[in-house]
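S.K.: sequence and predicted structure, then a few things I'm wondering about:
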Amino acid sequence: MSGRLDGKVALISGAAKGQGEAEARLFIAEGAAVMLGDVLDDQGEAVAKSLGDRAHYVHLDVTREDDWKRAVAAATQSFGGLDVLINNAGIIRIGMMSDVSLDEYMSVINVNQVGCWLGMKTAGAVMRGGGSIINISSMNGVIPGPGIMSYVASKFAIRGMTKAAALELGPKGIRVNSIHPGAILTDMARAGLAGIEGNPLAGLPIPRIGEPEEVARLALFLASDESSYSTGSEFVIDGGWLVTPALI
């Protein structure tokens with residue numbers, strides 16, 4: 001039985017754990033070759049090793065253009081080309097605007113926004129026709145939240161950059177879409193929910209936290225030829241948070 005990504009090569013940033021790791025595991029299961037990129041070298045190498053010969057790891061600091069060039073070159077040289085990029089790496093800093101330093105603000109912008117731009121710029125130059133770029137934004141790229149202004153700014157930026165890139169890369173046969181997760185069970189979400197009693201998501205239409213594997217399945221659709229007529233679009237996966245006024 002063939003996989004939905006047979007013959008495709010993917011590069012995934014932030015792939016050592018969480019959503020990136022889930023995407024890498026699912027993509028391998030569906031027939032892709034995957035280059036995992038991260039700054040968590042020991043974890044990333046361990047994940048790649050566990051996935052077999054069609055998975056390799058490369059150190060990738062998404063804020064560094066040279067790292068992106070090395071990662072893209074590693075993917076194309078190891079597997080013969082590049083078809084899918086997932087800009088998954090991201091960080092968050094909690095703090096009200098009056099309490100956050102410029103350095104703290106820019107650290108989030110550089111990883112989340114500039115890192116995404118560098119990934120699209122570098123990979124988009126060499127991706128094969130029929131390729132797919134998937135940018136992981138956030139529910140907070142659609143609606144803001146207090147105390148996370150740098151995160152909100154970066155995720156809104158990804159939303160806009162995705163649409164602009166879709167226009168620029170469409171003539172090359174490359175699609176560009178964004179995914180907007182709500183609360184997903186990753187280390188970032190665990191930190192945000194720490195100390196909260198009960199189920200803070202009980203008011204959602206789907207009253208639970210999401211799993212990384214659920215985001216991975218949406219990314220699989222966008223990476224596959226099944227989404228061949230989708231570009232410049234936003235795909236929300238939030239359990240219905242955005243349609244629940246009491247929680248917005």
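M.R.: All right, it came through fine. Numbering: from 1, shown residues only.

S.K.: which residues touch the residue nearest to residue 187 when sequence neighbours are not counted?
M.R.: What sits nearest to residue 187 in space, not counting adjacent residues and going by Cβ to Cβ, 6 or more residues apart in numbering, is residue 18, at 6.3 Å. For every residue, glycine as well, the C-beta is placed using N, CA and C. By Cβ atoms under 8 Å, 6 or more residues apart in numbering, residue 18 lies in contact with 184, 186-188, 212.

S.K.: those residues in helices, which ones?
M.R.: Judged by DSSP state H, the subset of the contacts of residue 18 located in helices is 187-188, 212.

S.K.: ok, the contacts of residue 18 vs residue 22, which is closest?
M.R.: Proximity of the contacts of residue 18 to residue 22 was ranked by Cβ to Cβ; the top entry is residue 212 with 3.8 Å.

S.K.: so that closest one makes contact with residue 185?
M.R.: Yes: here residue 212 lies in contact with residue 185, judged by Cβ atoms under 8 Å, at a distance of 6.6 Å.

S.K.: the more surrounded of the two?
M.R.: Using other Cβ atoms under 10 Å, the more surrounded residue of residue 212 and residue 185 is residue 212, with 21 against 17.

S.K.: what number of residues lie near residue 30?
M.R.: Burial of residue 30 is recorded as 18 neighbouring residues (other Cβ under 10 Å).

S.K.: residue contacts, it?
M.R.: So, once contact is read as Cβ under 8 Å, 6+ apart, residue 30 ends up touching 3-6, 220, 224.

S.K.: can you read off the pLDDT for it?
M.R.: Predicted confidence (pLDDT) for residue 30: 98.

S.K.: secondary structure class for the closest residue to it other than its chain neighbours?
M.R.: Leaving aside its chain neighbours, residue 30 sits nearest to residue 3 (3.9 Å; criterion: Cβ to Cβ, 6+ apart). For residue 3, the reduced secondary structure class is coil; criterion used: DSSP: H, G, I helix; E, B strand; the rest coil.

S.K.: for residue 3, what are phi and psi?
M.R.: Its backbone dihedrals place residue 3 at phi -90, psi 160, with angles given as degrees, to the nearest 10.

S.K.: quick check, residue 231 in a strand?
M.R.: No: per three-state DSSP, residue 231 lies outside any strand segment and is coil.

S.K.: ok, the residue nearest the centre of the chain - contacts?
M.R.: Computing the C-alpha centroid of the chain and ranking residues by Cα atoms, centre = their mean puts residue 88 first, at 2.3 Å. Shown here is residue 88, whose contacts under the criterion Cβ under 8 Å, 6+ apart are 12-15, 19-20, 23, 136.

S.K.: please apply the same query to residue 53.
M.R.: By Cβ under 8 Å, 6+ apart, the contact set of residue 53 is empty.

S.K.: for it, give me the pLDDT.
M.R.: Residue 53 is assigned a pLDDT of 98 by the prediction.
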